[in-house]
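sequence plus predicted model, see below.
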Amino acid sequence: MLFVTLLHKWPRYFRIRNCVIKLMNMSSATNKGEFVRKASSFRNWITEDGSSGFPSAAGRYHLYVSLACPWAHRTLIVRRLKGLDKVISVNVVDHFMGEKGWKFDTSVPDATADTVNDCTYIREVYFKADKDYQGRFTVPVLWDKEKKTIVNNESSEIIRMLNSEFNEFCETDEQRSLDLYPEHLKKDIEDRNEWIYPQINNGVYRSGFAGTQAAYDVAVREVFEGLDRVEGILSTHRYLTGNTLTEADVRLFTTLIRFDSVYHVHFKCNKKKIVDYPNLWGYVRELYQHPAIKPTVNRTHIDQHYYRSHSINPSGIVPIGPDTDYDEPHNRDKIQN
């Protein structure tokens with residue numbers, strides 16, 4: 001009887017074991033059960049003048065992304081906003097993250113093969129850059145085809161490179177002049193990023209992967225304190241820093257678009273949904289409806305990844321809802337500040 005019970009639980013054991021391995025790769029935990037994300041490893045910079053050793057050029061650089069990952073999603077949005085689709089190529093991994101991490105699988109809709117290095121897993125890309133690499137195997141990855149190495153795997157830095165260092169290659173003058181990190185707003189953008197990242201962007205992960213009730217209680221309270229604060233800002237401002245779309249909005253959007261369908265349930269952030277916040281709900285709809293942003297949102301990859309890849313949902317069942325219409329009129333254009 002004991003053998004039958006163990007046999008019945010064996011598949012669940014392996015799901016939990018594999019998830020623990022993946023989480024150890026992407027984070028560490030304190031003795032209080034707090035989720036702590038590890039820092040990115042490759043931090044080189046592409047510059048327009050080439051002074052960094054990585055000069056901007058059309059066709060030289062390549063992005064590896066997951067359509068499910070909010071950090072990778074940032075880079076896809078900025079790439080589109082700046083009109084760099086033909087300048088920087090992209091490969092997309094499968095939405096399911098198994099024991100070996102992100103995988104390339106052309107049998108999965110909207111996923112691709114690795115057309116640059118012919119790798120099966122993202123981890124192999126890292127080992128091509130550094131055979132002794134011992135860090136995390138994350139996306140996004142910005143790859144240099146000429147030097148055959150990883151330039152950078154920190155999304156916040158990649159989006160700034162895409163924003164400022166490839167202007168001569170943008171498709172239109174409007175895209176060329178678009179600046180998501182303008183000089184006069186840098187202080188405000190940094191101020192928003194400084195608390196939105198720990199409280200909201202990473203806060204949902206701190207809640208979902210908390211190892212103790214106390215750690216969860218702290219993290220989830222901070223998530224909703226952050227959302228309440230954003231709601232207040234958006235009650236008088238169209239965007240986070242005024243009437244101009246900036247990188248702060250891009251960084252927040254990729255969390256908000258996942259919130260009601262994933263984080264609300266899967267990460268136990270269920271005090272409120274985004275649809276319960278009048279200004280946040282209009283704001284996320286406006287950003288979603290932007291012609292450069294909407295094509296980057298893949299609901300299937302998002303939902304399938306979270307609910308099937310994490311042992312906190314051991315059955316792997318993907319919920320059917322919610323029925324959320326992001327195409328409803330937003331009326332945010334009436335706010336002039």
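Everything's here; your move.

for the residue nearest to Gly59 when sequence neighbours are not counted, give its distance to Arg176.
Nearest residue to Gly59, sequence neighbours excluded (CB to CB, 6 or more residues apart in numbering): Val87, at 7.0 Å. Using the backbone N, CA and C atoms, a C-beta is placed for each residue, glycine as well. When CB to CB, to the nearest Å is applied, the distance between Val87 and Arg176 equals 12 Å.

pick out whichever of the two has more residues nearby.
The neighbour comparison of Val87 against Arg176 (other CB atoms under 10 Å) goes to Val87, with 20 against 15.

surely the more buried one touches Phe169?
Yes - with contact defined as CB atoms under 8 Å, Val87 and Phe169 form a contacting pair (4.5 Å).

what is in contact with the two at once?
Ala58 (CB atoms under 8 Å, 6 or more residues apart in numbering).

buried stuff in stretch 241-261?
Along stretch 241-261, the positions that meet the burial threshold by neighbour count (16 or more other CB atoms under 10 Å) are 241-242, 244-261.

just the residues you listed: which are in helices?
Assignment to helices by DSSP state H places the following of the buried residues of stretch 241-261 there: Glu247, Ala248, Asp249, Val250, Arg251, Leu252, Phe253, Thr254, Thr255, Leu256, Ile257, Arg258.

please convert these to a markdown table, extending it with distance to Ile122 and pLDDT.
As requested, those are exported to a markdown table (distance: CB to CB, whole Å; pLDDT from 0 to 100):
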| residue | distance to Ile122 | pLDDT |
| --- | --- | --- |
| Glu247 | 25 | 98 |
| Ala248 | 28 | 98 |
| Asp249 | 28 | 98 |
| Val250 | 23 | 98 |
| Arg251 | 22 | 98 |
| Leu252 | 26 | 98 |
| Phe253 | 24 | 98 |
| Thr254 | 19 | 98 |
| Thr255 | 22 | 98 |
| Leu256 | 26 | 98 |
| Ile257 | 23 | 98 |
| Arg258 | 20 | 98 |
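
find the pair from those with maximum spatial separation.
Glu247 and Arg258 (18.2 Å; CB to CB).

hang on, the earlier thing: how about the residue nearest to Gly59, secondary structure?
In terms of secondary structure, Val87 is coil; the call rests on DSSP: H, G, I helix; E, B strand; the rest coil.

mind listing the helices in the stretch 151-300 of the chain by residue range?
155-164, 173-177, 186-196, 203-208, 213-234, 247-258, 264-266, 278-289, 299-309 (DSSP state H, counting those that start in this stretch).

what's around Lys148, how many residues?
Residue neighbour count, defined by other CB under 10 Å, stands at 11 for Lys148.

again, but for Asn279
For Asn279, the tally of surrounding residues (other CB under 10 Å) stands at 18.

spit out the contact partners of it.
Residues counted as contacts of Asn279 (CB under 8 Å, 6+ apart) are Glu231, Leu234, Ser235.

and this protein, what are its domains?
61-177, 183-334 (automatic domain parsing).

out of those, flag the one nearest Val36.
Taking CB to CB as the criterion, domain 183-334 is the member of the domains of the chain that comes nearest to Val36, at 8.3 Å.

ends of that closest one, how far apart?
Domain 183-334 stretches 26 Å from its first residue to its last (CA to CA, to the nearest Å).

try stretch 283-302
Across stretch 283-302, first to last residue, CA to CA, it's 20 Å.

and that stretch, what's buried?
Within stretch 283-302, the residues that count as buried by 16+ other CB under 10 Å are 283-288, 290, 292-293, 296-298, 301-302.

need these in CSV (columns: pLDDT and distance to Glu183).
Below are those laid out as CSV (pLDDT from 0 to 100; distance: CB to CB, whole Å):
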residue, pLDDT, distance to Glu183
Tyr283, 98, 24
Val284, 98, 27
Arg285, 98, 30
Glu286, 98, 25
Leu287, 98, 23
Tyr288, 98, 28
His290, 98, 23
Ala292, 98, 23
Ile293, 98, 24
Thr296, 98, 27
Val297, 98, 30
Asn298, 98, 34
His301, 98, 36
Ile302, 98, 34
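
who are the contact partners of the residue lying closest to Lys271 once chain neighbours are set aside?
Closest residue to Lys271 in three dimensions, ignoring its sequence neighbours and counting by CB to CB, 6+ apart: Phe224, at 5.2 Å. If you count contacts by CB under 8 Å, 6+ apart, Phe224 has them with Cys269, Lys271, Lys272.
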